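Engineer: Build me a model from this:
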Amino acid sequence: MKAMKRLTYLLLAMLMVCSTTAANGNEQPNILWIIVDDMSAHFSPYGEELIETPHVDALAKRGVQFNNAYVTAPVCSTCRSAFITGMYQTTIGAHHHRSGRGTEKIHLPEGIRPIPEMFQEEGYYTTITGWPIRADERLGKTDYNFEWNASMYNGADWAKRKDGQPFFAQIQLPGGKLRGGNVESTERFVNRIEKTFGNRTDVNKVSLPPYYPATDIILQDWAAYLDSVRETDRVVGEILTKLREEGDLENTIVLFMTDHGISHVRGKQFMYDEGLHVPLVIAGPGIESGQIREDLVEHIDIAALSLAYAQIAIPDYMQAQDIMAADYQPRRAVYAARDRCDETVEHLRSVRTHEFKYIRNYLHQRPHLQPNAYKDNKSIVKSFKAAGAAGELNAVQQILLAPTRPVEELYDLKNDPYELHNLADDPAHRSQLKRMRKALQRWEQRSGDQGVDPEPTKMFDSDMKVYVDTLEARRRPIEHINTIKNNIELMRRWAREGK
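Structural biologist: Numbering: from 1, shown residues only. This is a model prediction of the structure:
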């Protein structure tokens, strides 16, 4: 009898352990993405020394910091179209910035869906918001280039979900956009920063990358940019406080990432690391603290890993990888593409390994800095061009003002991290050039790169009409609108000329 009681007790104990394990294993965590606009990895954990970012630093110490995360597109809408589907923007036809906004629409290929729909189907409450969260439930930045249904988001505030319901939330922060695009907006921003922090970043201590001249405007803007990093970090702290006060922090996977690098002359919209390299930090239940990873990852991978953490099957079609999986095989290279941005037609592709970067300039007859009203209106771009006109740029800086570009660019990243010395014509690197060129060609074919063909004229004309009409409705300066119209005609002429 005693033996039977002992056996019964052991069986009950084992059943309780198994039941608890199953319950814990089946508990779906909350998933929170904090996505920041226009910001490179200028945070303390990534080596930035002029400013401190204690909240991102603490998040990194609590989880895993990826030192080699790269976006597949260095501009907002194409980047976001990619990460919300876990697909290359070039594969799904969403590779032109702010495309499909007119009468000509873009639809996702059959079977491919935005991941919020998948989370909803598994019982998640899905939200997307800015910060602070608005009481009117206004959704945050989406900026997808394809048709999508707003019902895939339940609202803006996860606090409105049912008791016990997990959430998948996105918080979109303005990041580098906080400083604006001209001297006046920059000064207004840093005045706010002084009130918040009691000081502003000392412009006399700013160190610029070697491809930028140290003009007063560029130095002041960079200091203001670093202040936007500080402000972003402060808001991250507020978000984590909200999670903690509502009792959600311990069961929430928090992912911090930017949508591409700094908006600057050589950053945003370009294939150099300043435009493609982003911070990526992930912390939460089940993630070992204090990890630093050096493997190459693409920003689309956040879609796959988020589904995996929620115990949702990753679709077979998805190009994103679960970089947190035990059987994950690190990528040997990462890829990126830049196509039309606003009115400016472009076709750039790149492949990057740990050692080398290869860039293909398909429209090499055009200048590095093609006419683009959005960028050309920025004070930093005007200052850069003025320095060039005054003969104040060195040979490396002057390259950006060249009337044409090389067909190919190759950089030795170990010895040339700023990507200053193009080795494409160097006989000593001919074999490496061929390997990188072949790798890019294979990716274009394997991924079904839709950018190999020019954008249909009907789509370009449709989007340009919406672009101009929207600016006119907002009563933007007529000079700015006329510049855009002139650029549109220039793009059409260059296309006719085969340039």
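
Engineer: which stretches of the protein have low pLDDT?
Structural biologist: Counting by pLDDT under 70, the low-confidence segments of the chain come to 1-26.

Engineer: Which stretches in it count as helices?
Structural biologist: Secondary structure of the chain (DSSP state H): helices at 2-26, 54-62, 76-83, 115-121, 183-197, 216-245, 273-276, 301-309, 373-376, 379-389, 395-398, 430-447, 457-473, 478-496.

Engineer: contacting residues around the closest residue to Ser185 other than its chain neighbours?
Structural biologist: Leaving out its chain neighbours, the residue that sits closest to Ser185 by Cβ to Cβ, 6 or more residues apart in numbering is Arg179, at 6.9 Å. (C-beta placed from N, C-alpha, C; glycine too.) Neighbouring residues of Arg179 by Cβ atoms under 8 Å, 6 or more residues apart in numbering: 185-186, 189-190, 221, 224-225, 227-228.

Engineer: got TSV for those residues, with distance to Asp163 and neighbour count too?
Structural biologist: Shown next, in TSV, are the contacts of Arg179 (distance: Cβ to Cβ, whole Å; neighbours: other Cβ atoms under 10 Å):
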residue	distance to Asp163	neighbour count
Ser185	44	15
Thr186	46	23
Phe189	41	20
Val190	44	21
Asp221	48	27
Ala224	44	25
Tyr225	42	25
Asp227	41	24
Ser228	38	28
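
Engineer: Adding distance to Asp136, write those residues out as JSON lines.
Structural biologist: Listed next are those as JSON lines, based on distance: Cβ to Cβ, whole Å:
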{"residue": "Ser185", "distance to Asp136": "26"}
{"residue": "Thr186", "distance to Asp136": "30"}
{"residue": "Phe189", "distance to Asp136": "25"}
{"residue": "Val190", "distance to Asp136": "30"}
{"residue": "Asp221", "distance to Asp136": "33"}
{"residue": "Ala224", "distance to Asp136": "30"}
{"residue": "Tyr225", "distance to Asp136": "31"}
{"residue": "Asp227", "distance to Asp136": "29"}
{"residue": "Ser228", "distance to Asp136": "26"}
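
Engineer: still on that earlier bit, of all the helices of the chain, which one comes closest to Trp33?
Structural biologist: Minimum separation from Trp33 across those (Cβ to Cβ) falls at helix 301-309, 6.8 Å.

Engineer: how big is the angle separating the closest one from helix 76-83?
Structural biologist: Helix 301-309 and helix 76-83 meet at an angle of 30 degrees, taking axes from the mean of the first three to the mean of the last three Cα atoms, to 10 degrees as the criterion.

Engineer: tell me how far helix 301-309 is from the chain's mean position?
Structural biologist: Distance of helix 301-309 from its chain centroid, counting by Cα atoms, centre = their mean, to the nearest Å, is 16 Å.

Engineer: And for stretch 289-299?
Structural biologist: Taking Cα atoms, centre = their mean, one finds stretch 289-299 lying 16 Å from the centre of the chain it belongs to.

Engineer: sorry, back to before: looking at the helices of the chain, which is buried most?
Structural biologist: Of all those, helix 76-83 has the most neighbours on average by mean count of other Cβ atoms under 10 Å, namely a mean of 27.

Engineer: Return that helix as CSV; C-alpha atoms alone will do.
Structural biologist: Output in CSV follows, covering the C-alpha atoms of helix 76-83 (Å, rounded to 0.1, in the frame of the first residue of the first chain):
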residue,chain,number,x,y,z
CYS,A,76,11.7,54.5,-45.0
SER,A,77,8.9,53.0,-47.1
THR,A,78,10.9,50.3,-48.9
CYS,A,79,12.5,49.2,-45.6
ARG,A,80,9.1,49.1,-43.8
SER,A,81,7.5,47.2,-46.7
ALA,A,82,10.3,44.6,-46.3
PHE,A,83,10.3,44.1,-42.5
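
Engineer: contacting residues around it?
Structural biologist: Residues contacting helix 76-83 (Cβ under 8 Å, 6+ apart): 35, 37, 71-73, 88-89, 92, 94-99, 141-146, 259-260, 299-300, 302-303, 337-339.

Engineer: Relative to His97, how far out is Tyr467?
Structural biologist: Between Tyr467 and His97 the computed distance is 10 Å (Cβ to Cβ, to the nearest Å).

Engineer: Between these two, which contacts overlap?
Structural biologist: Counting by Cβ under 8 Å, 6+ apart, the residues touching both Tyr467 and His97 are Asp342.

Engineer: returning to what we had before: among the contacts of Arg179, which one lies nearest to Glu122?
Structural biologist: Distances from Glu122 to these, taken by Cβ to Cβ, are shortest for Ser228, at 35.9 Å.

Engineer: How far off centre is stretch 476-486?
Structural biologist: Distance of stretch 476-486 from the chain centroid (Cα atoms, centre = their mean) equals 28 Å.

Engineer: got it, and stretch 93-100?
Structural biologist: 15 Å.

Engineer: Extract the CA atoms of it and return them as PDB.
Structural biologist: Output in PDB follows, covering the C-alpha atoms of stretch 93-100 (Å, rounded to 0.1, in the frame of the first residue of the first chain):
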ATOM      1  CA  GLY A  93       7.600  44.800 -56.000                       C
ATOM      2  CA  ALA A  94       7.700  47.500 -53.200                       C
ATOM      3  CA  HIS A  95      11.200  48.700 -54.000                       C
ATOM      4  CA  HIS A  96      10.400  52.200 -55.200                       C
ATOM      5  CA  HIS A  97      10.000  54.700 -52.400                       C
ATOM      6  CA  ARG A  98       6.500  55.900 -51.800                       C
ATOM      7  CA  SER A  99       5.200  53.900 -54.800                       C
ATOM      8  CA  GLY A 100       1.700  52.700 -55.500                       C
END
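
Engineer: re earlier: so how far is Arg244 from the residue nearest to Ser185?
Structural biologist: Distance, Arg179 to Arg244, using Cβ to Cβ: 30 Å.

Engineer: swap in Thr258?
Structural biologist: For Thr258, the distance to Arg244 - Cβ to Cβ - is 23 Å.

Engineer: Check Ile217 too.
Structural biologist: For Ile217, the distance to Arg244 (Cβ to Cβ) stands at 41 Å.

Engineer: give the contact list for Lys438.
Structural biologist: Listed by Cβ under 8 Å, 6+ apart, Lys438 has no contact partners.

Engineer: what's the burial count for Thr404?
Structural biologist: Residues lying near Thr404 (other Cβ atoms under 10 Å) number 13.

Engineer: Next one: the residue nearest to it when sequence neighbours are not counted from His97, what distance?
Structural biologist: Leaving aside its sequence neighbours, Thr404 sits nearest to Gln365 (Cβ to Cβ, 6+ apart; 5.6 Å). Gln365 sits at a distance of 21 Å from His97 (criterion: Cβ to Cβ).

Engineer: between those two, who's got more neighbours?
Structural biologist: Neighbour totals were compared for Gln365 and His97, and His97 leads with 26 against 14 (other Cβ under 10 Å).

Engineer: His42 against Ala223, yeah?
Structural biologist: No. Contact criterion Cβ atoms under 8 Å: His42 and Ala223 do not qualify, at 11.6 Å.

Engineer: circling back to that earlier point, sort out for me which of the contacts of helix 76-83 are in strands.
Structural biologist: Judged by DSSP state E, strands contain the following of these: 35, 337-338.

Engineer: shouldn't Tyr358 be in contact with Arg437?
Structural biologist: Yes. Between Tyr358 and Arg437 there is a contact under Cβ under 8 Å: 6.5 Å.

Engineer: Overlap of the contact sets of the two?
Structural biologist: Glu408.

Engineer: any idea how far the residue nearest to Thr404 lies from Val407?
Structural biologist: From Gln365 to Val407 the distance is 10 Å (Cβ to Cβ).

Engineer: same deal with Leu433?
Structural biologist: Per Cβ to Cβ, Leu433 is found 11 Å from Val407.
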